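A.B. asks: Provide a 3D model corresponding to the input given below.
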Amino acid sequence: MDVGNSFGLVETYLPQHIIALRLLMAAIFGAMIGFEREINTAEAGLRTHILISVAAALFTILAFEIFHTIEGGPVGTRADPIRAVEAVTAGIAFLGAGAIFRSGSNVQGLTTGAGMWLAGAVGVATALGFYVIAGLVAIFAVLVLAALRAFAHRVVGHKSEEPPQRP
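C.D. replies: Residues are numbered from 1 along each chain as shown. As a prediction, this is how the structure comes out:
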């Protein structure tokens, strides 16, 4: 029995510092997306996107850690860590759907919901060790959100995405 297990800690497939690094990177990438939303809308912003990205990363890491602790037997493991990723995706989609409002013929919050979903995907990618891909997608998201917002305001004349007024 090693010292960690005597304190109730478990051995992990990934070293603890790599897990911490992946969660930190997920927080940074989620913050990049959330910051753009924070400065331009009153809806889901910095904190929400960080939490979504880190939660997605943590659930993904845990799923793969559990997968690696299961004994396979003669036919291999029957556990499927992809199911956990699917559950994370469904949970984030549920949160994103909550950000969408319909007021008459107007639909508000689609971009916010999409940003939340993307922050979750960035968290999953980071958890799996795809730091460069996750970082590039976060940068791409910020560029798309900022550039197309400016385009929509200047050229098309759309108003910013504001939530409908509640009575």
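A.B. asks: Quick check: phi and psi at Gln108.
C.D. replies: When quoted as degrees, to the nearest 10, the phi and psi of Gln108 stand at phi -120, psi 150.
A.B. asks: Quick check: it vs Leu128, distance?
C.D. replies: 33 Å (Cβ to Cβ, to the nearest Å). Just so you know, the C-beta spots here come from the backbone N, C-alpha and C atoms, and that holds for glycine as well.
A.B. asks: how about the most centrally placed residue in the chain, what does it touch?
C.D. replies: Closest residue to the average C-alpha location of the chain: Gly120 at 1.8 Å, with Cα atoms, centre = their mean. Counting by Cβ atoms under 8 Å, 6 or more residues apart in numbering, Gly120 makes contact with Ile52, Ser53, Ala55, Ala56, Val88, Thr89, Ile92.
A.B. asks: Show me which of those are buried.
C.D. replies: Ile52, Ser53, Ala55, Ala56, Val88, Ile92 (16 or more other Cβ atoms under 10 Å).
A.B. asks: Widest-spaced pair of the residues you listed?
C.D. replies: Ser53 and Val88 (10.9 Å; Cβ to Cβ).
A.B. asks: Now for these two: what residues contact both?
C.D. replies: Contacts common to Ser53 and Val88, judged by Cβ under 8 Å, 6+ apart, are Gly120, Gly123.
A.B. asks: close enough to count as contact, Val124 and Val85?
C.D. replies: Yes - counting by Cβ atoms under 8 Å, Val124 does reach Val85; the two are 5.9 Å apart.
A.B. asks: got any residues that touch both of these two?
C.D. replies: Thr60.
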